[in-house]
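[1] What follows is a predicted structure for the sequence shown.
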Amino acid sequence: MPEISDTYASLHPSFVSDGVLELLFDAPNLNAVSAEMHADLARIWRDIENAPDVRAVVVRGANGTFSAGGSFDVIDEAIEDPAVRTRLYQETRDIVFAMIDCSKPIVSGIRGTAVGAGLVVGLLSDISVVSRTARLVDGHTRLGIAAGDHSVISWPLLCGMAKAKYLLLTCEPISGEEAERIGLVSLTVDDEEVDTRALKIATRLANGAQDALRYTKQALNYWYRDNGGAFDFSTMAEMFGIGGPDIREGLASLREKRPPRFV
């Protein structure tokens, strides 16, 4: 579809089989999400919904990893500028709600690192195919801000409240194998099989009964919609924290590869 590929260059959209559109995270610093990519992720799902030749989507990362999350440059800008925080808040809402509202099946293939904004797309996908050795972590509280993005709307449903609280409060990284065990992801395979398996599943869905698949997805996603208020609060709290003091220390500690010293 020319309009999608022309408009969303940061996501490298291309058809990889009949009816299956691939989105590719391919960027510096372990496919970190830039300001352009974040804005594209906020808008592309509604165009996918309205594209008649897209019947399923597969999302993966280039160079053996999924995504290291939001780029430090974007965080630096947000710390200094309230207008950037407002924009990020709106874009984050648009990413989450547009993925939930998109009726077409979305499959993610996760290898290597999956953090932050990249993890949002990986785990809000309808089916997540993950390498056994992948490293998943929600790094918000380690950075010094509330766990916003997608986690509050989805993690308690995926893996239960007790595990969600443990992982989100401690920022404990988990392997793909452990993520499957607790129900956070759909299935795990060996690293070299991730992309092939994700595409195979997306192709199967693209060839399936479209009304049946889409209505089933939409019905299931009412569980997410029912928790929209909690998501809104968490994301607003995240943006509030970006304007506070803890994130400066959290970001500095990540850059200097040391434990944070929060006061």
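    Arrived safely.
[2] CA atoms for contacts and neighbours, from now on please.
    Noted.
[3] And residue 116, what's its pLDDT?
    Note for residue 116: predicted pLDDT of 89.
[4] now do the one 4 residues further on
    With respect to pLDDT, residue 120 scores 97.
[5] That one: which element?
    In this structure, residue 120 is located in helix 116-124 according to DSSP states H and E.
[6] Toward the C-terminus, what is the element adjacent to that helix?
    Sequence-wise, the next helix or strand downstream of helix 116-124 (DSSP H and E) is strand 127-131.
[7] who's in contact with the helix or strand following that following strand?
    Past strand 127-131, further along toward the C-terminus, the next helix or strand under DSSP H and E is strand 135-137. Outside strand 135-137, the residues within contact range by CA atoms under 8 Å, 6 or more residues apart in numbering are 111-116, 119, 167, 171-176, 179.
[8] mind running it again at 6 Å?
    For strand 135-137, the external contacting residues (CA atoms under 6 Å, 6 or more residues apart in numbering) are 112, 113, 114, 115, 173, 174, 175.
[9] Report the inter-axis angle for the helix holding residue 120 versus strand 127-131.
    Angle of helix 116-124 versus strand 127-131, following axes from the mean of the first three to the mean of the last three CA atoms, to 10 degrees, is 120 degrees.
[10] returning to what we had before: who wins for neighbours among the contacts of strand 135-137?
    residue 114 (30 neighbours; other CA atoms under 10 Å).
[11] In the sheet, which residues pair with that residue? Tell me.
    Listed beta-bridge partners, residue 114: residue 67, residue 136 (assigned using DSSP bridges).
[12] Would you check that it makes contact with residue 64?
    No: Residue 114 is beyond contact range of residue 64, at 11.1 Å (criterion: CA atoms under 6 Å).
[13] closest to residue 157 among the contacts of strand 135-137?
    The nearest member of the contacts of strand 135-137 to residue 157, counting by CA to CA, is residue 174 at 17.6 Å.
[14] where does the stretch 151-263 of the chain have low pLDDT?
    By pLDDT under 70, the stretch 151-263 of the chain has no low-scoring segment.
[15] how about the strands in the stretch 151-263 of the chain?
    According to DSSP state E, counting those that start in this stretch, the stretch 151-263 of the chain carries its strands in the segments 174-175, 187-189.
[16] Dump those strands into JSON lines; add distance to residue 25 as well.
    Rendered in JSON lines, the data for these read as follows (distance: least, CA to CA, whole Å):
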{"stretch": "strand 174-175", "distance to residue 25": "20"}
{"stretch": "strand 187-189", "distance to residue 25": "20"}
